[in-house]
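Participant: below are the sequence and a predicted model for it; my questions follow.
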Amino acid sequence: MNVRQLRRICAAKVEALELPSPFDVHEFCQSVERGRGRAIQLLPRALPVGSPSGLCVSTNARDYIFYESRTSALHQEHIILHEVAHLLCEHRTTSVSREEISGLLLPNLDPGMVQRVLGRTCHPVWAEQEAEIIASLILAKVERQRRETVWAASSNVAPVVARVERSLRGSPRRPST
């Protein structure tokens with residue numbers, strides 16, 4: 001499959017998603033939870049340098065999404081959406097070492113037990129591309145929605161809102177009469 005085909009498939013998946021408006025990644029995850037019938041727990045972590053910025057761990061009971069806590073809100077949103085995309089696409093993965101798992105996320109648990117529970121953490125290249133495209137397309141769609149949002153203002157503040165909007169857009173001022 002080439003990139004153009006993959007992008008088309010991903011775009012169809014994104015179009016089928018119901019995104020909350022205004023968009024909130026936590027609300028979106030709750031919607032995905034309901035659709036899949038599985039709980040998703042979002043866990044911000046200060047991840048070690050050189051480690052992935054996000055990781056999805058599935059157990060029999062729920063899905064855990066670990067994401068870098070020391071980055072911008074937009075980057076965190078992208079990381080979460082990337083990991084949710086792996087869930088939506090039902091990607092299967094290979095496993096990482098016991099040391100990586102124990103040191104990275106769950107240092108207080110027995111590495112052997114963690115390895116058995118996780119059973120997966122690394123995705124093949126095509127799955128990473130798919131998850132990345134889906135996350136990027138969701139954010140692009142959200143950005144379009146945010147730009148198209150129409151704000152309603154009561155009549156007593158409408159002139160002030162109009163002036164602020166013009167100044168932000170760089171529109172010329174109306175001549176005084």
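Facilitator: Noted; the coordinates are in hand.
Participant: how about Ala11, nearest residue that isn't a chain neighbour?
Facilitator: Spatial nearest neighbour of Ala11, chain neighbours left out: Leu137 (6.0 Å); criterion: C-beta to C-beta, 6 or more residues apart in numbering. Quick note: C-beta positions are derived from backbone N, CA and C, even for glycine.
Participant: so which helix or strand takes in that neighbour?
Facilitator: Here Leu137 sits within helix 125-148, counting by DSSP states H and E.
Participant: so where's this protein shaky on pLDDT?
Facilitator: The model of the chain has pLDDT under 70 over residues 93-124, 149-153, 169-177.
Participant: can you show me the helices along it?
Facilitator: 3-16, 25-36, 73-88, 98-104, 111-118, 125-148, 158-169 (DSSP state H).
Participant: any idea how far Ser31 is from Glu18?
Facilitator: Per C-beta to C-beta, to the nearest Å, Glu18 is found 6 Å from Ser31.
Participant: neighbour count winner among the two?
Facilitator: Between Glu18 and Ser31, counting by other C-beta atoms under 10 Å, Ser31 is the more crowded of the two (14 against 9).
Participant: ok, the more buried one to Leu55 distance?
Facilitator: 21 Å.
Participant: do Val32 as well
Facilitator: Plainly put, Val32 is 17 Å away from Leu55 if you go by C-beta to C-beta.
Participant: who's more crowded, the two?
Facilitator: Leu55 (25 against 18).
Participant: now stretch 55-73: buried residues?
Facilitator: 55-58, 63-68 (16 or more other C-beta atoms under 10 Å).
Participant: and what of stretch 75-82?
Facilitator: 76-82.
Participant: kindly report the same for stretch 12-19.
Facilitator: For stretch 12-19, using 16+ other C-beta under 10 Å, the buried residues are 13-14, 17, 19.
Participant: what's the nearest residue to Gln129 if we skip its chain neighbours?
Facilitator: Counting by C-beta to C-beta, 6+ apart, the residue nearest Gln129 is Leu6, at 6.3 Å.
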